[in-house]
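# Pasting a predicted model and its sequence here:
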Amino acid sequence: MTVTFVIDGAEVTGLDRFWQVIGEAVNGPGGYFGSNLDALADCLCGGYGTPDDGDFVIEWRRHELSRRALGRDETVRVLQRRLERAHPTSRPAIRARLEEVRAGRGPTVFDELVALIEDKAPGVLRLL
């Protein structure tokens, strides 16, 4: 039997809120289902609240609201925060990505989340 986890796009007001919303969708109030892209990838591979047989879907309802909230402005904010914390050798690549995003090019946070989910759990994501 397929288990459906629902994300309400209206609740996703930024990346930090996305982690809360998906965590609660999968594991209930206060639940965890990743707090960065690497952790989300691990969670999608199983053992963090999804059925053992992998028979689940993630319905991202009103995803267009999330697409806007996780768009260019949020991507710039996330990259600036990452730049502040990054190892000095990682900073040039982050700066270059930041310039691209500021120029209106490259993927947004929303695009990265969708691509990761589709890569790690093909067929699971339904954008509604």
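Thanks, I have the structure now.

# Just give the closest residue to L125, not the sequence neighbours.
With C-beta to C-beta, 6 or more residues apart in numbering as the criterion, L125 has its nearest non-adjacent residue at 4.7 Å, and that residue is I117. The C-beta positions use only the backbone N, C-alpha and C, and glycine is treated the same way.

# Next up, the contacts around the one you found.
Neighbour list for I117: L40, L44, I58, V124, L125 [criterion: C-beta atoms under 8 Å, 6 or more residues apart in numbering].

# Count the residues that sit near H87.
For H87, the neighbour count with other C-beta atoms under 10 Å is 7.

# got it, and R97?
When neighbours are counted by other C-beta under 10 Å, R97 comes out with 17.

# Any regions of the chain where pLDDT drops low?
Under the criterion pLDDT under 70, no range of the chain is flagged.

# Tell me which stretches of it form helices.
Taking DSSP state H as the criterion, the chain carries its helices at 15-27, 37-44, 63-69, 72-85, 91-102, 109-120.

# Of these, which is nearest M1?
Closest to M1 of the helices of the chain is helix 15-27 (C-beta to C-beta; 16.2 Å).

# Give me the packing partners of the closest one, helices and strands only.
strand 3-8 (3 or more C-beta pairs under 8 Å, 6 or more residues apart in numbering; DSSP states H and E).

# then the strand it packs on to PDB, C-alphas only?
Output in PDB follows, covering the C-alpha atoms of strand 3-8 (Å, rounded to 0.1, in the frame of the first residue of the first chain):
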ATOM      1  CA  VAL A   3       1.900   5.900   1.700                       C
ATOM      2  CA  THR A   4       1.400   9.500   0.800                       C
ATOM      3  CA  PHE A   5       3.300  12.300   2.500                       C
ATOM      4  CA  VAL A   6       1.900  15.800   1.800                       C
ATOM      5  CA  ILE A   7       3.800  19.100   1.700                       C
ATOM      6  CA  ASP A   8       1.600  22.200   1.600                       C
END
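
# partners of that strand in the sheet?
Here strand 3-8 is paired, per DSSP bridges, with strand 56-61 (parallel).

# still on that earlier bit, just tell me which of the helices of the chain ends up closest to G9.
So among these, helix 63-69 is nearest, using C-beta to C-beta, at 4.0 Å.
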